[in-house]
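Student: no sequence for this one, just the structure:
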């Protein structure tokens, strides 16, 4: 029997709640495999399952449901971040044995890339990145492939691996020392003395030895067997957000070097001969972490404990959701990837119920419109949605359908909705349309 897949991507600038949707779909379908298909360790995907909470960076967000992770060639692997996440999961009692599969061709993201990235962020024109060197990993691989490292390098003997890692570090330090620098940049790079670099190389080797036993490197035959043995849908988990793609309309430097749409996942599905459906995820309001344009930035004051201000990304911003922009993204992704439709997952629905989100924006008409809650029974509007929200919001008499849903009626999609409210995935549910809108 041919297996299926569910592909998750972010319709905005990131932070839409992809992890919650991934964990939810994993649980609903009893999926045993999560595939990471873009981005890297900069992902901060928070999942709450009962009393257990974890922010995933490289393990897939289906991990708390018992799913394995396959880290594909399209993602960037950071051994240091993996080590710390591994230890954190173990401290929480999560089973991590035989749970992580790593494509040998996956690029390694290391301290060398972080040095270049953070040096640039301390300059006069910061990108607002996560400070982990994601962009630099891709750029360095293109410009200096001889010192680029891939996941299979982690299997190299000690002398060879340490030589490769040292070459990367010395290149990075030499590169930034050749650039004009302000006082902050000079102070930053001065910490990487020859002694510090040597200790870092030794520590890296020790760390690699520890993580090897928790990583499976499937060759082509092993990977094909892993895919074939899946009897339940495979969940593909995206990172970042489509609006960070420079191919949309964003301009440098506030863009991502990785493909933030579902294209990489679709490529893997075709290679593995999987039938698939695509899920676009958005909050009920727009967000953006760090620099870069966001209409209405700062208009919404919403507490975001899982998205704190940090040294590299700066502040987390909230604004009314631009529905026309969401429609544009859905239509562009649908057409570019020859999809018949895209399903919609709407997170943070509780923000509407709490009246923290009261408006949305349409940049085509330049109007700010109210989010209205329509009170009705399912029988009153059978042509729209059979949303049995009475057992979802705690009332047995009415459905509450925010008008935000009806704005999507101008684009083709299958009619599947996921609505998520609050932090725990138990407050998440899938709804089907009675008939196509």
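Tutor: Noted; the coordinates are in hand. Since this is a predicted model, take the numbers as computed values, not measurements.
Student: for the longest helix along the chain, name the packing helices and strands.
Tutor: The helix that spans the most residues within the chain, counting by DSSP state H, is helix 158-177. Judged by 3 or more CB pairs under 8 Å, 6 or more residues apart in numbering; DSSP states H and E, the packing partners of helix 158-177 are helix 111-121, helix 183-190, helix 194-211. Bear in mind the C-beta positions are built from the backbone N, C-alpha and C, glycine included.
Student: export the ones you listed as a markdown table, with columns for mean neighbour count, mean pLDDT and distance to residue 55.
Tutor: Shown next, in a markdown table, are those (neighbours: other CB atoms under 10 Å; pLDDT from 0 to 100; distance: least, CB to CB, whole Å):
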| stretch | mean neighbour count | mean pLDDT | distance to residue 55 |
| --- | --- | --- | --- |
| helix 111-121 | 23 | 93 | 19 |
| helix 183-190 | 14 | 94 | 26 |
| helix 194-211 | 14 | 96 | 19 |
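Student: got CSV for the ones you listed, with distance to residue 18 too?
Tutor: Listed next are those as CSV, based on distance: least, CB to CB, whole Å:
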stretch, distance to residue 18
helix 111-121, 23
helix 183-190, 32
helix 194-211, 25
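Student: nearest to residue 309, of these?
Tutor: helix 111-121 (14.5 Å; CB to CB).
Student: next helix or strand past that closest one?
Tutor: helix 134-143 (DSSP states H and E).
Student: just to revisit the earlier point, closest to residue 29 out of the helices and strands packed on helix 158-177?
Tutor: Residue 29 lies closest to helix 194-211 among the helices and strands packed on helix 158-177, at 29.3 Å (CB to CB).
Student: show residues contacting the longest helix of the chain.
Tutor: 110-113, 115-116, 119, 140, 144, 147, 149, 153-154, 156, 185, 189, 192, 197, 200-202, 204-205, 208 (CB atoms under 8 Å, 6 or more residues apart in numbering).
Student: same thing but 6 Å
Tutor: 110, 112, 115-116, 119, 147, 149, 153, 189, 192, 197, 201, 204-205 (CB atoms under 6 Å, 6 or more residues apart in numbering).
Student: in it, what counts as buried?
Tutor: Within helix 158-177, the residues scored as buried using 16 or more other CB atoms under 10 Å are 161, 162, 164, 165, 166, 168, 169, 171, 172, 173, 175, 176.
Student: and which of those residues is nearest residue 278?
Tutor: residue 168 (36.3 Å).
Student: tell me the pLDDT of the residue lying closest to residue 135 once chain neighbours are set aside.
Tutor: Sequence neighbours aside, residue 257 is the residue nearest to residue 135 in space, at 4.3 Å (criterion: CB to CB, 6 or more residues apart in numbering). With respect to pLDDT, residue 257 scores 72.
Student: what's the answer for residue 315, then?
Tutor: 80.
Student: what's near enough to touch it?
Tutor: Per CB under 6 Å, 6+ apart, neighbours of residue 315: residue 309.
Student: against residue 128, how distant is it?
Tutor: Applying CB to CB, to the nearest Å, one obtains 10 Å for the distance of residue 315 from residue 128.
Student: show me what residue 235 is bridged to.
Tutor: Here residue 235 sits in beta bridges with residue 6, residue 34, going by DSSP bridges.
Student: isn't it up against residue 33?
Tutor: No - the criterion here is CB atoms under 6 Å, and residue 235 misses it with residue 33 at 7.2 Å.
Student: more neighbours, those two?
Tutor: Counting neighbours by other CB atoms under 10 Å for residue 235 and for residue 33 shows that residue 235 has the greater number, 28 against 23.
Student: what sits against that one?
Tutor: 6, 22, 25, 26, 31, 34, 62.
Student: go on, residue 110?
Tutor: So residue 110 contacts residue 168 (CB under 6 Å, 6+ apart).
Student: just checking, which of the contacts of residue 235 belong to strands?
Tutor: Among these, the ones falling in strands (DSSP state E) are 6, 34.
Student: from the contacts of residue 235, pick the one nearest residue 297.
Tutor: Closest approach between the contacts of residue 235 and residue 297, by CB to CB: residue 22, at 27.5 Å.
Student: quick check: longest strand of this structure.
Tutor: strand 275-283.
Student: pull out the buried positions in that strand.
Tutor: Those buried within strand 275-283 under the rule 16+ other CB under 10 Å are 276, 277, 278, 279, 280, 281, 282, 283.
Student: swap in stretch 68-88?
Tutor: Those would be 68-83, 85-86, for stretch 68-88 by 16+ other CB under 10 Å.
Student: pLDDT and distance to residue 44 for the buried residues of helix 158-177 - can I get that in TSV?
Tutor: Compiled in TSV, the buried residues of helix 158-177 are given as follows (pLDDT from 0 to 100; distance: CB to CB, whole Å):
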residue	pLDDT	distance to residue 44
161	95	28
162	95	30
164	95	28
165	96	26
166	95	30
168	94	25
169	95	26
171	93	28
172	94	24
173	95	28
175	94	28
176	94	26
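Student: can you lay out those residues as TSV showing distance to residue 17?
Tutor: Shown next, in TSV, are the buried residues of helix 158-177 (distance: CB to CB, whole Å):
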residue	distance to residue 17
161	38
162	41
164	38
165	36
166	41
168	35
169	37
171	38
172	35
173	39
175	37
176	36
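Student: just curious, which of those is nearest to residue 221?
Tutor: Of all the buried residues of helix 158-177, residue 221 sits closest to residue 161, with 25.3 Å by CB to CB.
Student: now that closest one: how far from residue 150?
Tutor: For residue 161, the distance to residue 150 - CB to CB - is 12 Å.
Student: helix, strand or coil: sort out residue 70 for me.
Tutor: Three-state assignment for residue 70 (DSSP: H, G, I helix; E, B strand; the rest coil): strand.
Student: so what pLDDT did residue 388 get?
Tutor: 34.
Student: let me fix that, I meant to ask about residue 363.
Tutor: Residue 363 carries a pLDDT value of 71.
Student: the one 4 residues further on now?
Tutor: On pLDDT, residue 367 comes in at 74.
Student: what sits against the residue nearest to it when sequence neighbours are not counted?
Tutor: Of all residues not flanking residue 367 in the chain, residue 361 sits nearest, at 7.4 Å (CB to CB, 6+ apart). Residues near residue 361 by CB under 6 Å, 6+ apart: 320, 322, 368.
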